[in-house]
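Colleague: Structure of the sequence below:
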Amino acid sequence: MTIVASPERRPWKQKPLVSETSPLLPEKHQDGEYGVHEGFNGASFSGAVFNLSTTVVGAGIMALPATMKVLGLILGSLLIIFVFLLTDASIDILLRFSRAGAAASYGGVMGDAFGRIGKMLLQICVIICTLGILIVYMIIIGDVLSGTSSNGVHHAGILEELFGFHWWNGRLPILVLTVVLILAPLVSFKRVDSLKFTSALSVALAVVFVVITAAIAIVKLFSGTVHAPRLLPDIVDHTSFLKLFTVVPVIVTAYICHFNVHPIYNELEDPSEIQSIVRTSLALCSTVYIATSFFCVLLFGDQMMDDVLANFDTNLGVPYSAVLNDIVRMTYVAHLMLVFPLVFFALRLNIDGLIFPVKKPLVSDNKRFILITTVLIGTIFLGASFIPSIWDAFQFTGATAAVCIGFIFPASIALRDTHGISTKKDIYLSLFMIFLAVVSSSIAIFSDINSMFKKNKVGPPRS
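Modeller: Numbers count the residues shown, from 1 in each chain. You can find the predicted model right below:
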């Protein structure tokens with residue numbers, strides 16, 4: 001039976017979604033004929049903003065200050081705003097083609113435009129991107145709780161400061177305890193809706209981090225003890241010029257939220273609010289990114305590490321410095337722990353869809369759910385144990401999977417234009433996005449390979 005949707009309603013909410021175009025994340029509405037939970041009337045504007053903002057902010061707030069060391073405050077801030085606008089445009093393309101093709105997910109839109117191969121490519125990229133992001137989260141958690149070293153300088157972790165160095169507060173034992181006691185219980189939830197309150201709390205914790213950092217920087221500014229910020233990049237040769245491109249994948253990765261837009265859209269009480277939700281979330285996150293980068297540059301200058309949280313272990317030159325250091329680090333570690341399961345949902349569902357495309361839904365198969373969850377948690381743990389720097393992880397995911405998810409795939413969908421709805425603006429914008437993504441990523445990868453051969457470290461010092 002064919003159901004024809006009215007123009008006012010989203011076509012993908014009017015048919016069961018247990019097919020090749022199933023959402024990348026499990027929909028909330030899965031109990032009734034069309035997947036509606038009894039008593040659920042739809043998600044609110046604020047709840048949707050919290051969930052999407054949580055997907056965006058993640059660990060990007062920790063890596064972006066390091067990009068300001070390379071670009072300078074002016075060029076860095078302009079690039080953040082530029083990527084924000086491109087991200088908004090790419091999500092708009094996805095939503096318009098979703099309506100035209102009655103697709104309920106990003107994978108559905110890719111499948112509509114490029115068939116099964118298109119959807120598989122997207123799944124692989126989402127897996128690479130989310131896996132890299134989750135490894136970054138765990139690296140940061142390990143850095144803050146157990147400490148990290150850079151260029152012969154050891155930055156003590158919170159537990160080491162409180163209890164001294166012991167075998168049990170080393171990096172490996174701490175990561176094991178974090179996984180078993182905190183992350184494993186959080187990722188055991190089967191529905192995104194179960195995490196709505198943790199999403200709100202995670203955004204609040206990120207704001208607390210920004211407010212405290214700003215307050216410290218302002219106090220030091222009035223006392224005349226802040227570092228003079230670098231406004232523009234320092235270009236002295238072709239190597240330093242190429243180095244500028246290595247930050248682009250880092251910033252792109254910090255804005256990747258495309259795989260969570262459809263699940264949030266599917267749950268909205270008022271579907272017409274989705275564009276306002278996307279723009280509000282991206283604007284909020286951009287403000288947080290720029291503010292954090294500015295104040296961290298004032299505080300730490302060229303001494304800033306890839307993971308700026310690791311800098312909060314020294315005397316900041318303000319009253320109660322040690323207490324403020326611990327508050328800043330603990331609030332953001334708690335934020336990452338609460339973001340972790342939301343990103344993990346996308347990773348788990350895409351792995352399942354890629355390996356078991358014809359099996360029954362993952363939420364109804366406990367054995368498969370437990371197996372996939374356990375294997376993925378173990379993989380993330382191993383990655384965080386052997387990848388030394390969040391800069392490495394961000395550059396790899398940003399230069400490969402993230403640019404595909406954020407720009408290349410949406411632009412390709414508009415150029416393919418299977419429904420004849422692309423405008424001239426869409427065509428020109430899509431060509432520009434593909435050109436920018438390919439060129440910047442290629443130069444970033446070349447620069448990293450070149451630096452490895454020369455034994456020079458590209459970008460900020462690695463932790």
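
Colleague: which residues sit against stretch 273-288?
Modeller: For stretch 273-288, the surrounding residues in contact (Cβ atoms under 8 Å, 6 or more residues apart in numbering) are 45, 48-49, 52-53, 56-57, 60-61, 80-81, 84, 87-88, 91-92, 95, 206-207, 210, 255, 257, 261, 264-265, 268. Using the backbone N, CA and C atoms, a C-beta is placed for each residue, glycine as well.

Colleague: In what element of secondary structure is the closest residue to residue 71 other than its chain neighbours found?
Modeller: Nearest residue to residue 71, sequence neighbours excluded (Cβ to Cβ, 6 or more residues apart in numbering): residue 233, at 5.4 Å. Counting by DSSP states H and E, no helix or strand carries residue 233.

Colleague: just residue 220 next, same as before
Modeller: Going by DSSP H and E, residue 220 is part of helix 196-223.

Colleague: Quick one: list the elements packing against that helix.
Modeller: helix 45-57, helix 60-71, helix 274-300, helix 321-355 (3 or more Cβ pairs under 8 Å, 6 or more residues apart in numbering; DSSP states H and E).

Colleague: Tell me the buried residues in it?
Modeller: 196, 198-203, 205-210, 212-214, 216-217, 220 (16 or more other Cβ atoms under 10 Å).

Colleague: picking up where we left off before, and the pLDDT for the residue nearest to residue 71?
Modeller: Here the pLDDT value assigned to residue 233 is 73.

Colleague: quick one: it from residue 268, how far?
Modeller: 41 Å (Cβ to Cβ, to the nearest Å).

Colleague: quick one: low-confidence ranges for the stretch 51-200 of the chain?
Modeller: 58-60, 62-63, 148-156, 164, 191-196 (pLDDT under 70).

Colleague: correct me, but residue 289 touches residue 61?
Modeller: Yes - judged on Cβ atoms under 8 Å, residue 289 makes contact with residue 61 at a distance of 6.2 Å.

Colleague: okay, and the common contacts of these two?
Modeller: residue 254.

Colleague: out of those two, which sits in the more crowded spot?
Modeller: residue 289 (29 against 26; other Cβ atoms under 10 Å).

Colleague: what sits against that one?
Modeller: Contacts of residue 289 by Cβ under 8 Å, 6+ apart are 60, 61, 64, 80, 254.

Colleague: go again using 10 Å as the cut-off
Modeller: The neighbours of residue 289, taking Cβ atoms under 10 Å, 6 or more residues apart in numbering as the test, are 56-57, 60-61, 63-65, 67-68, 76-77, 80-81, 83-84, 210, 251, 254-255.

Colleague: and what of residue 138?
Modeller: 59, 175, 178-179, 183, 336-337, 340, 377, 380-385, 387, 390, 393.

Colleague: and if we set it to 6 Å?
Modeller: 380, 384 (Cβ atoms under 6 Å, 6 or more residues apart in numbering).

Colleague: For residue 106, see how far away it is.
Modeller: 25 Å.

Colleague: How about residue 430?
Modeller: Distance from residue 430 to residue 106, by Cβ to Cβ: 16 Å.

Colleague: Compare the two (neighbour count), which wins?
Modeller: residue 106 (30 against 24).

Colleague: Can you pull the phi and psi angles for that one?
Modeller: As for residue 106, its main-chain torsions (degrees, to the nearest 10) stand at phi -60, psi -40.

Colleague: What of residue 268?
Modeller: Dihedral angles of residue 268 (phi, psi; degrees, to the nearest 10) stand at phi -70, psi 140.

Colleague: what do you get for residue 423?
Modeller: Dihedral angles for residue 423 - degrees, to the nearest 10 - are phi -90, psi 170.

Colleague: That one: what's it in contact with?
Modeller: Contacts of residue 423 (Cβ under 6 Å, 6+ apart): none.

Colleague: if I look at it, how far off is residue 279?
Modeller: Distance from residue 423 to residue 279, by Cβ to Cβ: 19 Å.

Colleague: now the strands for this protein?
Modeller: Per DSSP state E, the chain carries strands over the ranges 147-150, 153-156.

Colleague: Can I get the buried part of the contacts of residue 289 as one PyMOL selection?
Modeller: Selecting only the buried entries of these in PyMOL, with 16+ other Cβ under 10 Å as the criterion:
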select buried, resi 56+57+60+61+63+64+65+67+68+76+77+80+83+84+210+251+254+255
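
Colleague: residues touching residue 293, list them.
Modeller: Counted by Cβ under 6 Å, 6+ apart, residue 293 has contacts 64, 65, 68.

Colleague: what's the second one in contact with, if anything?
Modeller: It stands for residue 65. Residue 65 neighbours (Cβ under 6 Å, 6+ apart): 293, 296, 304, 308.

Colleague: from those residues, which is closest to residue 439?
Modeller: residue 293 (24.0 Å; Cβ to Cβ).

Colleague: Let's see the pLDDT reported for that closest one.
Modeller: In this prediction residue 293 is given a pLDDT of 85.

Colleague: how far away is it from residue 301?
Modeller: Distance from residue 293 to residue 301, by Cβ to Cβ: 12 Å.

Colleague: cool, residue 261 as well?
Modeller: Noted for residue 261: a distance of 37 Å to residue 301, by Cβ to Cβ.

Colleague: Could you do residue 69 as well?
Modeller: Taking Cβ to Cβ, one finds residue 69 at 8 Å from residue 301.

Colleague: More neighbours: which of these two?
Modeller: residue 69 (27 against 14).

Colleague: Please consider this matter closed, and thank you.
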